[in-house]
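Asker: Below is the sequence, then the predicted model.
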Amino acid sequence: MSRGRGTASIVASPVLIGAVTTLIVIVSVFLAYNANKGLPFVPTYDVSAQVPGGANLVEGNEVRVGGFRVGIVDRIRTRFRRTPPDGKLRSIAVLDLKLDKKVEPLATDSTLIVRPRSALGLKYVEIKPGKSKATFSPGSTIPLEQAGNPVEFDDLLNTFDESTRQYQQEGLTGFGDAFAGRGSDINEAIHSLSPFFDYLTPVMQNLSNPRTRLQDFFKEIGETSAEVRPVARLQGELFGLMQVTFDAITRDPDAFRATIEKTPPTLDAGIRSLPVQRLFIEDFTDLTRRLRPTGRILPTALDRINPALRTGIQVLPQTVRLNEELGDTFDALTDLVDNPNTLLALNDLRTTTAVGAPLFEYVSPYQSVCSYGNYFFGGLGGHISEGTNLGTAERVIVKNDDTTQDNRWSDFPADRPADVPANIDPSNAYNPGPLPKEDRVMQAAHTQPFAPAIDAKGNADCQIGNSGYIDGPLAKNGRYPPADADAEDPTSLNEFNADHAGGSHVVADADTPGLAGPTFNGVPSLKDVP
């Protein structure tokens with residue numbers, strides 16, 4: 001009995017096995033070749049993005065969101081666009097991105113930036129999804145304004161000049177040599193860092209407190225760096241010379257160890273005292289700000305300040321006793337301030353000043369323009385200079401008041417001021433009689449009371465205090481007309497009386513004609529008073 005023809009096995013045909021193997025290899029090669037562009041037949045969410053530059057990107061680089069790969073860069077194109085801030089026409093890069101469907105859709109406020117993936121130059125595109133309700137539809141373009149400008153490692157290195165880069169290389173080499181073969185020491189240092197961080201935690205909490213105003217510290221550090229920039233070379237020399245100081249420290253390890261041991265108590269004392277000093281530091285900061293203009297002129301003023309300081313060194317020891325004696329003065333001042341009557345007195349003084357303002361305005365030019373107070377006290381010093389057994393006394397010259405002259409100084413009442421006839425020199429006039437000559441001197445009035453200090457325009461008119469005097473007649477309102485000696489006997493002065501009127505040499509007008517001008521140390525006008 002014959003059996004039917006059996007089904008052929010696939011493994012029985014060498015040709016079929018070879019064909020299947022070849023197909024698998026071709027598919028594998030195809031998939032491997034196109035792996036960088038995504039798997040075929042997989043739907044994608046395609047968008048484009050404008051970036052300032054290609055930043056060494058290549059087609060096939062990854063696109064990531066939150067650190068996870070979500071797509072690839074399919075193509076990189078170039079286009080021209082006017083960019084801020086000057087609006088010039090520049091070339092930018094346009095990236096065509098193939099993204100997984102799981103990130104679709106992206107919000108319209110999403111941003112992106114090109115970041116380095118390794119130190120060898122490999123890059124990827126990082127997308128930060130936004131929160132806007134509006135989204136990018138497939139085929140949309142993320143605008144240039146939402147793309148960041150990455151800082152390349154080369155840009156960082158190029159911030160330093162060639163010599164600085166050279167020093168950095170030497171520094172890295174030195175640090176590398178210093179750490180070489182010291183793995184156990186590094187392990188011990190890391191082990192010791194644990195208690196260090198325990199102490200560091202409260203310190204950093206204090207520094208992060210807004211009340212510390214740490215941001216102002218960095219701002220001031222920047223300003224300080226700008227201030228010391230002109231002396232950077234001197235600072236470099238300073239650091240070189242500081243090596244001598246550190247060498248001295250290393251020669252006495254015990255003293256250095258004792259200093260370290262005393263540092264924590266010192267810092268504890270600072271922690272307790274510095275908050276109390278905060279108000280002082282704030283006031284001192286304000287004082288320092290106000291002293292900056294003085295500091296600018298200090299270099300030019302040191303030539304005059306240094307001699308004063310040398311003199312002050314000799315004087316300062318003597319101020320100790322002065323300060324001790326000032327203690328009683330300040331105690332008395334404290335009692336005065338605590339006394340309730342002091343406030344009443346000050347209020348009364350304010351009232352007195354307001355009431356006396358017209359008087360002060362009138363009297364002020366006599367001192368500020370004519371300096372009469374200085375003349376008064378200067379003359380007073382010479383007046384009280386007559387030597388006695390007990391010191392000095394007032395100098396007084398008493399003139400006998402002649403009994404024969406009509407209208408002499410002592411007459412009361414008198415019909416006119418003391419005077420001599422016009423044809424007689426008042427500086428050499430004597431009455432006849434048996435008395436000694438010094439007792440027969442005739443008197444002529446040159447008084448001028450209540451003379452002005454300035455005119456109506458403020459010009460100096462210091463009629464009192466200038467040398468000499470005006471020879472009359474110059475009586476107030478012409479009250480005293482001139483008179484001569486007796487016509488029958490011109491040499492006789494006994495007949496010079498009220499009937500002859502008088503006024504030949506009298507000057508009784510307070511305001512003489514014209515401006516007398518300033519005194520020797522006065523000023524030309526009230527407007528010149530400082």
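Answerer: Thanks, I have it.
Asker: quick one: low-confidence ranges for the stretch 351-500 of the chain?
Answerer: Applying pLDDT under 70 to the stretch 351-500 of the chain flags residues 396-404, 415, 467, 476-500.
Asker: What segments of the stretch 51-200 of the chain are strands?
Answerer: 62-65, 68-83, 88-99, 111-116, 123-128, 141-142 (DSSP state E, counting those that start in this stretch).
Asker: contact partners of the first one?
Answerer: In other words, strand 62-65. Identification of contacts with strand 62-65 by Cβ atoms under 8 Å, 6 or more residues apart in numbering yields 69-73, 97, 99, 103, 117, 124-129. For the C-beta atoms, the positions are set from N, CA and C on the backbone; glycine is no exception.
Asker: Beyond whichever strand or helix holds R272, next helix or strand please.
Answerer: Using DSSP states H and E, R272 sits within helix 253-273. Going down the chain from helix 253-273, the next helix or strand is helix 278-338, by DSSP H and E.
Asker: what helices or strands is the helix or strand following that next one leaning on?
Answerer: As assigned by DSSP H and E, the chain's next helix or strand after helix 278-338 is helix 340-355. Helices and strands touching helix 340-355, by 3 or more Cβ pairs under 8 Å, 6 or more residues apart in numbering; DSSP states H and E: there are none.
Asker: The next helix or strand after helix 340-355 packs against which elements?
Answerer: Counting by DSSP H and E, the next helix or strand C-terminal to helix 340-355 is helix 357-368. Judged by 3+ Cβ pairs under 8 Å, 6+ apart, the packing partners of helix 357-368 are helix 372-383.
Asker: hmm, who's touching the helix it packs on?
Answerer: 366-367, 394-395, 453, 462, 464-465, 519, 521.
Asker: Neighbouring strands - and their directions - for whatever helix or strand comes next after it?
Answerer: Sequence order places strand 386-388 as the next helix or strand after helix 372-383, per DSSP H and E. Its sheet considered, strand 386-388 pairs with strand 391-393 (antiparallel) by DSSP bridges.
Asker: tally of neighbours for L95?
Answerer: L95 has 25 neighbours, counted by other Cβ atoms under 10 Å.
Asker: residues touching it, list them.
Answerer: So L95 contacts 48-51, 57, 73, 75-77, 125 (Cβ under 8 Å, 6+ apart).
Asker: Name the nearest residue to it, sequence neighbours excluded.
Answerer: A49 (4.8 Å; Cβ to Cβ, 6 or more residues apart in numbering).
Asker: Residues contacting the host helix or strand of that neighbour, please?
Answerer: Using DSSP H and E, A49 falls within strand 45-51. Strand 45-51 has contacts (Cβ under 8 Å, 6+ apart) with 71, 74, 79, 81, 92-101, 103-106, 112, 114, 125, 136, 138-144, 147.
Asker: Domain map for the protein?
Answerer: If you go by automatic domain parsing, the domain ranges for the chain are 11-41, 43-157, 184-273, 396-530.
Asker: The residue nearest to L95 pairs with what?
Answerer: L95, I142.
Asker: Any idea how many residues pack against it?
Answerer: Neighbours of A49 (other Cβ under 10 Å): 26.
Asker: ok so, going back, top of the contacts of L95 by neighbour count?
Answerer: So for the contacts of L95 (other Cβ under 10 Å), the most neighbours sit at A49, 26 neighbours.
Asker: Please report how far that residue lies from N61.
Answerer: A49 sits at a distance of 13 Å from N61 (criterion: Cβ to Cβ, to the nearest Å).
Asker: Overlap in contacts, the two.
Answerer: V125.
Asker: Which helix or strand contains A232?
Answerer: helix 232-251.
Asker: Out of the strands of the stretch 51-200 of the chain, which is closest to L200?
Answerer: Nearest of the strands of the stretch 51-200 of the chain to L200, taken as Cβ to Cβ: strand 111-116 at 31.2 Å.
Asker: Now do the closest one against strand 45-51, angle only.
Answerer: If you take axes from the mean of the first three to the mean of the last three Cα atoms, to 10 degrees, strand 111-116 sits at 80 degrees to strand 45-51.
Asker: residues touching V20, list them.
Answerer: Contacts of V20 (Cβ under 8 Å, 6+ apart): none.
Asker: Helix, strand, or coil at it?
Answerer: State at V20, reduced to three classes by DSSP: H, G, I helix; E, B strand; the rest coil: helix.
Asker: go on, A414?
Answerer: Quick answer, by three-state DSSP: A414 is coil.
Asker: Would you confirm that it contacts Q405?
Answerer: No - contact criterion Cβ atoms under 8 Å: A414 and Q405 do not qualify, at 10.8 Å.
Asker: what about burial for the contacts of strand 45-51, which qualify?
Answerer: 71, 74, 92-100, 103-106, 112, 114, 125, 136, 142, 144, 147 (16 or more other Cβ atoms under 10 Å).
Asker: rewinding a little: A414 and Q405: which is more packed in?
Answerer: A count of neighbours by other Cβ under 10 Å puts Q405 above the other of A414 and Q405, at 23 against 15.
Asker: Tell me how far that one lies from P417.
Answerer: Taken as Cβ to Cβ, the span from Q405 to P417 is 12 Å.
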